[in-house]
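J.: Sequence and computational prediction follow.
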Amino acid sequence: MKEQLKLIAQKTLPAPVHRWLGKSLLGEKYRPPVGAVDFGSLRRLTPISYNSGYNRGTPIDRYYIENFLAQNSSDIKGRVLEIGDRSYTTQFGGERVTQSDVLHVVEGNPDATIVGDLTCADRIPSDAFDCLILTQTLQLIYDVRAALNTIHRILKPGGVVLVTFPGITPIAADQWGDYWCWSFTTLSGRLLFEEFFPNTNVRVETYGNVLAATAFIQGLATEELHKQELDHRDRCYEVIITVRAIKPEDR
């Protein structure tokens, strides 16, 4: 009976009706046949924006990054180290932060309190930080294991690192594109962090779906999608991967 209904619908109902119905009586979403997909504004060889959506609103990856930091804001306290600037330390840590440090890889950043490279950071003291905020940085570091070794070393026992890195992503069109080494998956992120932190102290989550991934690659902004479209998670389309890892307490 179901197959008969399907044949009748295909013969009698035009494609716009299928789209309007969404989920049909047949219990499945309409999928346009080959040749009937309307690419509209997406039929182009260059993205709508090379600026990750900044020139249209809030970039889609930032929506996921900031939601992750908001959910773990209670970890952002005490002495906090952030990469590049202290914007997220201020936004999500507030009065819980007693000392804010900024690490930058090159001299000249006015916000930097520490200049150094996470892969070779002897000048950063061990067991120094209650929290590290490391957003969208690991993809720029070829020797990821050396960076993770430093992260583990400079955290205080019981300290937390909050990390985000890209899964499905365009390579940055700015100066950082020349340093772009990696994209990650849930599995690669988990296995890397479990080399340095006990697996019970590592929590990995992913954000994204095919619509969010397509929009992000095209440079569309958060404001151009609905919240339920952004919040839907599909493990096959990982736009952003997040890690919360805790350094074990001293015994």
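T.: Structure received.

J.: rest of the way, CA atoms for contacts and neighbours
T.: Will do.

J.: Touching, residue 173 and residue 50? I think so.
T.: Yes - if you go by CA atoms under 8 Å, residue 173 and residue 50 touch, sitting 6.5 Å apart.

J.: what's the average pLDDT for the longest strand anywhere in the chain?
T.: In the chain, with assignment by DSSP state E, the single longest strand is strand 155-166. Averaged across strand 155-166, pLDDT comes to 98.

J.: Show me what that strand is in contact with.
T.: 65, 69, 75, 126-139, 151, 183-184, 239-250 (CA atoms under 8 Å, 6 or more residues apart in numbering).

J.: go on, stretch 195-208?
T.: 64, 148-149, 152, 186, 189-190, 193-194, 230-235, 237-248.

J.: Following element in sequence after the lowest-mean-pLDDT helix or strand in the chain, please.
T.: The weakest-scoring helix or strand in the chain, judged by mean pLDDT, DSSP states H and E, is helix 15-21 (a mean of 46). Going down the chain from helix 15-21, the next helix or strand is helix 60-71, by DSSP states H and E.

J.: So which bits of that next one are buried?
T.: 60, 61, 62, 63, 64, 65, 66, 68, 69, 70 (16 or more other CA atoms under 10 Å).

J.: Among those residues, which one sits closest to residue 39?
T.: Nearest to residue 39, judged by CA to CA, of the buried residues of helix 60-71 is residue 60 at 20.7 Å.

J.: Find the nearest non-adjacent residue to the closest one, please.
T.: residue 222 (4.9 Å; CA to CA, 6 or more residues apart in numbering).

J.: can you tell me how far that neighbour sits from residue 211?
T.: Residue 222 sits 12 Å away from residue 211, going by CA to CA, to the nearest Å.

J.: The two: which has the busier surroundings?
T.: Remark: of residue 222 and residue 211, residue 222 carries more neighbours, 24 against 14, as counted by other CA atoms under 10 Å.

J.: burial count for residue 138?
T.: Neighbours of residue 138 using other CA under 10 Å come to 23.

J.: Quick check: pLDDT value at residue 14.
T.: 54.

J.: Residue 82 too?
T.: So residue 82 comes in at 97 (pLDDT).

J.: So it belongs to a strand, correct?
T.: Yes - under DSSP: H, G, I helix; E, B strand; the rest coil, residue 82 sits within a strand.

J.: how close does it get to residue 136?
T.: Counting by CA to CA, the gap from residue 82 to residue 136 is 11 Å.

J.: Tell me which of the two has more neighbours.
T.: The residue with more neighbours, out of residue 82 and residue 136, is residue 82; 21 against 18, by other CA under 10 Å.

J.: Dig out what that one forms beta bridges with.
T.: residue 102, residue 133 (DSSP bridges).

J.: is it true that residue 97 touches residue 79?
T.: Yes - at 6.2 Å, residue 97 and residue 79 qualify as touching, with contact defined as CA under 8 Å.

J.: how about the residue nearest to residue 60, phi and psi?
T.: phi -50, psi -40 (degrees, to the nearest 10).

J.: check contacts around it.
T.: Residue 222 touches 53, 57, 58, 59, 60, 63, 230, counting by CA under 8 Å, 6+ apart.

J.: What subset of these is buried?
T.: Neighbour-count burial (16+ other CA under 10 Å) applied to those gives 53, 58, 59, 60, 63, 230.

J.: Residue 168: which of those residues is nearest?
T.: residue 60 (11.7 Å).

J.: how near is that closest one to residue 240?
T.: Taken as CA to CA, the span from residue 60 to residue 240 is 10 Å.

J.: Then residue 140?
T.: Residue 140 is 15 Å from residue 240, by CA to CA.
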